[in-house]
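Undergrad: Provided below are the primary sequence and the corresponding predicted coordinates.
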Amino acid sequence: MAVLAGIALLASLPAAVAALPVSAPGVGVAQLQQQIAQSSSHAYSGYAESDGGLALPVTGGQFTSLTDLLGGQSQLRVWWRTGTDWRVDQLNLAGETDVHADADGTWTWNYESNRATITNPPVRAQVRLPVAADLLPPELGRRLLSQATVAELSPLAPQRIAGRDAVGLRLRPSDQASMIDHVDVWADVATSIPLRVAVYAKGSASPGISSSFLDFSADSPAASTTAFTVPAGARVQSSDGDDLASIINRFGGGVPPPALLGVSRNALLGQVGAIGVYGRGVTEFIAAPLPGRLAGSLHDQLQKAPGVSTTPAGLSISVGPLSLLLTNRAGQGRYWLLIGTVTDARLAAAAAELADYRGPTG
């Protein structure tokens, strides 16, 4: 009974703390956006929870890990010293996985399998599948606000989050084809580190994905906390860091055009081989040529998934603010995977343009 009472008390704390008076300075939206961007150099630690409603109807391999990450709840304990020196422990129904990063790479420690995996190089690729660290409020909030224009931003009422005074920004995309209605980010008054992030799809009263600290400290963690030592008796293996995105990049067999529907590839990401990222900020879509075997597997799964539509362009589905389209075979016998925070109509139009595209092979 004491344990149950303690859990109930902890569950009530965020609402109780949020009711306390908040002291927040008057800061313009442009200045706050800049301060949030600059907060990446500040160390911190804490406990956060992320909730996702973006469960894609595909499983198997890295599709499964992506669906679990974006479609469920994760508890994240973080110790962040710098962008190359951090530790994130992810706890969910499947168990616990700890990731330790340093300048040479990342160690992933899985308790259940008693396995330690060293990955080189570190997880820094600009176009890759998301990992648990990407769902931390600081990483998620800075990414979502990074390319917003001042005209898209408005202030939010301050809140009390994880025992800290926080000021807020609302981002409402100007592109009418965006599936995102708005993004809310609250940042710590003292450090400008994002403490809470919520992403809302159009027509939805609940966030499609959210992440919030329940406990937070702006003190720098000890180096011994983020360092990793292989436990005695653990199995050790190495990884080259390949994920689904890098596999597509290497074996997709094509290069997307420099622009689709008049929308240029995102210049801030550079040229990322077979994966084209179009648009900016929270209104982006990706076009990638799929290897035949991967396209066939994805096609078979999508055909059986609830909510999937068979259209002239291919198989289409929307999940919260995400739209996905797997095309029929088109130019040069390729399948294209299009996914992004834009309407299915925009993806269909992009697919029609790709059907006539005769670009270079990869």
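TA: It's in. Just so you know, these numbers come straight off a predicted model, no measurement behind them.

Undergrad: what packs against the host helix or strand of residue 50?
TA: Using DSSP states H and E, residue 50 sits within strand 44-52. Here strand 44-52 touches helix 62-71, strand 73-82, strand 209-217, going by 3 or more CB pairs under 8 Å, 6 or more residues apart in numbering; DSSP states H and E. No exception for glycine: its C-beta is placed from N, CA and C like everyone else's.

Undergrad: other SSEs contacting the last one?
TA: So that's strand 209-217. Against strand 209-217 (3+ CB pairs under 8 Å, 6+ apart) you get helix 2-18, strand 44-52, helix 137-145, strand 153-161, strand 194-201.

Undergrad: find the least confident helix or strand in the protein, judged by mean pLDDT.
TA: helix 2-18 (a mean of 34; mean pLDDT, DSSP states H and E).

Undergrad: burial of residue 107, as a residue count?
TA: For residue 107, the neighbour count with other CB atoms under 10 Å is 20.

Undergrad: pop out the phi and psi values for it.
TA: phi -100, psi 130 (degrees, to the nearest 10).

Undergrad: wait, isn't it in contact with residue 115?
TA: No: contact criterion CB atoms under 8 Å: residue 107 and residue 115 do not qualify, at 10.8 Å.

Undergrad: I'd like the average pLDDT over the host helix or strand of residue 302.
TA: Using DSSP H and E, residue 302 falls within helix 292-304. If you average the pLDDT over helix 292-304, you get 79.

Undergrad: buried stuff in it?
TA: Judged by neighbour count (16 or more other CB atoms under 10 Å), helix 292-304 contains these buried residues: 294, 295, 297, 298, 299, 301, 302.

Undergrad: which members of these define the maximum pairwise distance?
TA: Farthest apart among the buried residues of helix 292-304 by CB to CB are 294 and 302. That separation is 12.3 Å.

Undergrad: rewinding a little: and the buried residues of helix 292-304 as CSV, adding distance to residue 225?
TA: As requested, these are exported to CSV (distance: CB to CB, whole Å):
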residue, distance to residue 225
294, 39
295, 43
297, 40
298, 40
299, 45
301, 40
302, 43
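
Undergrad: distance of residue 75 relative to residue 108?
TA: 17 Å (CB to CB, to the nearest Å).

Undergrad: the more surrounded of those two?
TA: residue 108 (20 against 15).

Undergrad: quick one: the more buried one from residue 119, how far?
TA: Residue 108 is 7 Å from residue 119, by CB to CB.

Undergrad: now residue 47
TA: 25 Å.

Undergrad: neighbour-wise, which of those two wins?
TA: residue 119 (19 against 16).

Undergrad: is it true that the more buried one touches residue 106?
TA: Yes: taking CB under 8 Å as the definition, residue 119 is a contact partner of residue 106 at 4.8 Å.

Undergrad: OK, contacts around residue 211?
TA: Counting by CB atoms under 8 Å, 6 or more residues apart in numbering, residue 211 makes contact with 48, 49, 50, 51, 135, 136, 137, 140, 196, 197.

Undergrad: strands along the stretch 201-350 of the chain, start to end?
TA: Ranges of strands in the stretch 201-350 of the chain, per DSSP state E, counting those that start in this stretch, are 209-217, 235-239, 259-260, 263-264, 276-280, 283-290, 309-310, 314-319, 322-327, 335-340.

Undergrad: using CSV, list the CA coordinates for stretch 340-347.
TA: Taking C-alpha atoms only, stretch 340-347 is exported to CSV below (Å, rounded to 0.1, in the frame of the first residue of the first chain):
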residue,chain,number,x,y,z
GLY,A,340,6.3,13.7,-44.2
THR,A,341,4.2,16.2,-42.3
VAL,A,342,2.3,17.3,-45.4
THR,A,343,-1.1,16.2,-46.8
ASP,A,344,-1.5,13.0,-48.7
ALA,A,345,-2.5,15.1,-51.7
ARG,A,346,0.9,16.8,-51.7
LEU,A,347,2.6,13.4,-51.5
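
Undergrad: run the chain-centre distance for stretch 73-91.
TA: Its chain's C-alpha centre and that of stretch 73-91 lie 14 Å apart, by CA atoms, centre = their mean, to the nearest Å.

Undergrad: okay, now the unreliable bits of the stretch 151-300 of the chain?
TA: 240-254, 268-273 (pLDDT under 70).

Undergrad: one more time with 80
TA: By pLDDT under 80, the low-scoring segments of the stretch 151-300 of the chain are 239-255, 267-275, 291-295, 297.

Undergrad: contacting residues around stretch 137-148?
TA: For stretch 137-148, using CB under 8 Å, 6+ apart, the contacting residues are 33, 36-37, 39-40, 44, 48, 80, 133-134, 153, 169, 171, 183, 185, 187, 193-197, 199, 211-213, 268, 280-282.

Undergrad: what residues sit buried inside that stretch?
TA: 137, 138, 139, 140, 141, 142, 144, 145, 147, 148.

Undergrad: element containing the last one?
TA: For residue 148, there is no host helix or strand (DSSP H and E).

Undergrad: any idea how far residue 166 is from it?
TA: For residue 148, the distance to residue 166 - CB to CB - is 18 Å.

Undergrad: and residue 58, what pLDDT?
TA: Reported pLDDT for residue 58: 54.

Undergrad: can you check residue 70 too?
TA: On the pLDDT scale, residue 70 gets 55.

Undergrad: just residue 314 next, same as before
TA: pLDDT at residue 314 comes out at 89.
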